[in-house]
Structures are given as C-alpha cells and as structure tokens.
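Participant: This is a predicted model, with the sequence first.
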Amino acid sequence: MRLRGLVEQVASTAVARCPEHNSGRAYDGLGLVIVSIYTLGIWTVKQGREEEFVLAWRDLATKTQSDFPGSSATLLRDREVPNRFISSGPWKSLEQIEAWRASPTFSDGVGRIRELLDSFEPHTMDEAAVVG
C-alpha cells in the first residue's frame, strides 16, 4: 500500500484525476487519466475544392483507423472562412504519432490532399485543460 501511495503522489504531477464516467480519456491502473497528446492540422483548401478535400480527408482518416486501431479524428470547417478546415485527433503517445506520420498511409494520403490545398500546417499538441 505504501508503494501505491508513492506512485499516486508521483503520478499526480503528470496526470490529473477525472471522473470515471469521463469517456475519451486513457486511464492507467490507478484510475488516473493520462495526459493526452493530439495532432492538429490547419488546412486551407483551394476555393471550389472543399468537397473533394472532405472526401480525401475522410479517406485518409479511415485508412489511419485501419492502420492504427483505436485512433479517431474530427474535421471542422470554419463558418466564416469556408475553405479553412481544422482537424484534430487524440493519440496514445508521441511515438504513435511519429509512426503515423512516417507511414505510407500518411504520406500517400497527404500527398493526394496537397493538390487541393493552398496551405497545410501540422501540429502536435498537449492537452492543457479539460472542462466537463
């Protein structure tokens, strides 16, 4: 029991306690939520190519799910700038992100999407705060 208390104390500096019903979070064996890491992409699509982009992005995301089971992603479209999209998805680790970005799935998928883009900014983000 002393070891568990020590582990909880040390772990609490890197993770935060969350309600058990809070889905979408990875928990360790102590019931502590593991700090999440995300990919975030800012995509500026050539005007008139937005629907093609959404289909190509969906194909990339579907193939990513096949190659990296348990992965998920969301694509958002800006209401004020309809050719700007933001994608985001949580990952288990930085190593998993690096493996994905080095994979043929990523290089082929982004390669097909690039012709539809004016710009693309990939980012790796750490979760800073969660409410609810």
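Facilitator: Ah, there it is.

Participant: can you tell me how far residue 85 sits from residue 111?
Facilitator: Per Cβ to Cβ, to the nearest Å, residue 85 is found 17 Å from residue 111. Heads up, the C-betas are built off the backbone N, CA and C, glycines and all.

Participant: Between the two, tell me which one has more neighbours.
Facilitator: residue 85 (21 against 11; other Cβ atoms under 10 Å).

Participant: Tell me which helix or strand that one sits in.
Facilitator: strand 84-91 (DSSP states H and E).

Participant: Could you give the bridge partners of the residue nearest in space to the middle of the chain?
Facilitator: Centroid-nearest residue in the chain, with Cα atoms, centre = their mean: residue 89, separated by 2.0 Å. Applying DSSP bridges to residue 89 gives these bridge partners: residue 39.

Participant: coming back round to it: quick one: list the elements packing against the strand holding residue 85.
Facilitator: strand 37-45, helix 50-67, strand 74-77 (3 or more Cβ pairs under 8 Å, 6 or more residues apart in numbering; DSSP states H and E).

Participant: Among these, which comes closest to residue 102?
Facilitator: Across these, residue 102 has its closest neighbour in helix 50-67 (11.5 Å, Cβ to Cβ).

Participant: Do you know the pLDDT at residue 21?
Facilitator: At residue 21, the predicted lDDT confidence score is 33.

Participant: in the chain, what secondary structure element scores lowest on mean pLDDT?
Facilitator: Ranked by mean pLDDT, DSSP states H and E, the helix or strand of the chain with the weakest confidence is strand 16-17, at a mean of 38.
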